[in-house]
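Asks: Quick one: sequence and predicted model below, then my questions.
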Amino acid sequence: MEPNWALARKRQNLEQRARIVQTIRAFFVEQGYLEVETPHRLPGNAPEPHIDAEQSGDWFLQTSPELCMKRLLAAGYPKLFQIGRCWRQGERGRRHLPEFSLLEWYRTDGTYLDLMEECERLLRRLVPSGVLTWAEQEIDVASAWERLTVDDAFRRYAGISASAALDAGEFDLLLAERIEPKLGTTTPTLLYDYPAPLAALARRKPDNPRLAERFELYVAGLELANGFSELTDPLEQRQRFVQDEAARSAAGKPGYPIPEKFLAELGGIESAAGIALGVDRLVMLLTGAEDIAKVVTFTPEEL
């Protein structure tokens, strides 16, 4: 019987993927991080307006291990990382899968600036030559990375301030169409200081509360990671959850229960920073694959 050639052709990428994951684990263990596993099935996820969870009985599959990992921080674990499966409805394309792998790491002794530096060290560890090639672009990983504020990026590439774009309801469209393709095209780009309404679970900047200490990492126009200094005020976080639930309801989306145990323990964290990095997209970059289907064993259509 003939083998499944679509699966057989993935072997080289899957072998490289295994080596990449092994290198990631070694990197974080060397940095003093503890690897953990948290449950995939939860009574509720953080109620983000644009992320829809998969139902699993009366509970939900996780869209991120974030809430559980921050409860561990509050219990006294100072540095944690996890490589695990996550699920999000409706995400399917050349760069998206509804079931995917996330690397998340959290620390109680740093800010988003420390996470930026760790991103640089991690990627340089994974690219010992200092140069990666993806989508016919050569990206210099070894040289100093570009650090660009969100507002500067909007003014430079869209001709409008970030706040004006947000007020006009054009922030996401302009970011996707005009800005993202220009990011990380020679060196990786760290896009930072998002408008406070887009803070998610990030804290506001102490010296400028109109901005949040949040950043995203781009390589060759591909968004690879999203990190921030964590909001640790349970009252403000509850207010944000309520606002996000209202936004979901207004959009006709199902509601999620407020994660009460997370909120009850959040105040136990004095300060922290955390980040999520897409493993499948990282493997795409490091193998040169331009379709995410080439770096996973099975896509939904192959099952």
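Replies: Done, it's in.
Asks: State the mean pLDDT of the helix or strand hosting Leu115.
Replies: Secondary structure from DSSP states H and E places Leu115 in helix 112-126. Average pLDDT, helix 112-126: 98.
Asks: cool, and stretch 75-86?
Replies: Averaged over stretch 75-86, pLDDT sits at 98.
Asks: Could you shift the numbering so residue one becomes 343, and keep it that way?
Replies: Taking 343 as the first residue, the last one we looked at is stretch 417-428.
Asks: returning to what we had before: if we go by neighbour counts, what in whatever helix or strand comes next after the helix holding Leu457 is buried?
Replies: As assigned by DSSP H and E, the chain's next helix or strand after helix 454-468 is strand 473-476. Neighbour-count burial for strand 473-476, with 16 or more other C-beta atoms under 10 Å as criterion, is recorded at Leu474, Trp476. Using the backbone N, CA and C atoms, a C-beta is placed for each residue, glycine as well.
Asks: where do the strands sit along this structure?
Replies: Ranges of strands in the chain, per DSSP state E, are 376-377, 383-384, 397-398, 401-403, 421-429, 441-449, 473-476, 479-482, 488-491, 531-537, 546-547, 550-561, 564-571, 615-620.
Asks: Ok, which of those comes nearest Glu462?
Replies: strand 531-537 (8.5 Å; C-beta to C-beta).
Asks: contact partners of the closest one?
Replies: 454, 458, 461, 487-493, 495, 504-505, 508, 513, 525, 544, 547, 552-561 (C-beta atoms under 8 Å, 6 or more residues apart in numbering).
Asks: Now that we have the residues you listed, which of them are buried?
Replies: 454, 458, 461, 487-488, 490-493, 495, 504-505, 508, 513, 525, 544, 547, 553-561.
Asks: average model confidence for stretch 440-451?
Replies: pLDDT averaged over stretch 440-451 gives 97.
Asks: check contacts around Asp493.
Replies: Asp493 is in contact with Ser503, Ala504, Ser505, Asp535, counting by C-beta under 8 Å, 6+ apart.
Asks: Can you get me a residue count around the last one?
Replies: Looking back up the chat, that one is Asp535. Look at Asp535: counted by other C-beta atoms under 10 Å, it has 21 neighbours.
Asks: before we move on, back to that, cross the contacts of Asp493 against helices and list the overlap.
Replies: Ala504, Ser505 (DSSP state H).
Asks: could the contacts of Asp493 be laid out in CSV, adding distance to Thr450 and pLDDT?
Replies: What follows is the contacts of Asp493, written out as CSV (distance: C-beta to C-beta, whole Å; pLDDT from 0 to 100):
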residue, distance to Thr450, pLDDT
Ser503, 34, 98
Ala504, 30, 98
Ser505, 32, 96
Asp535, 22, 98
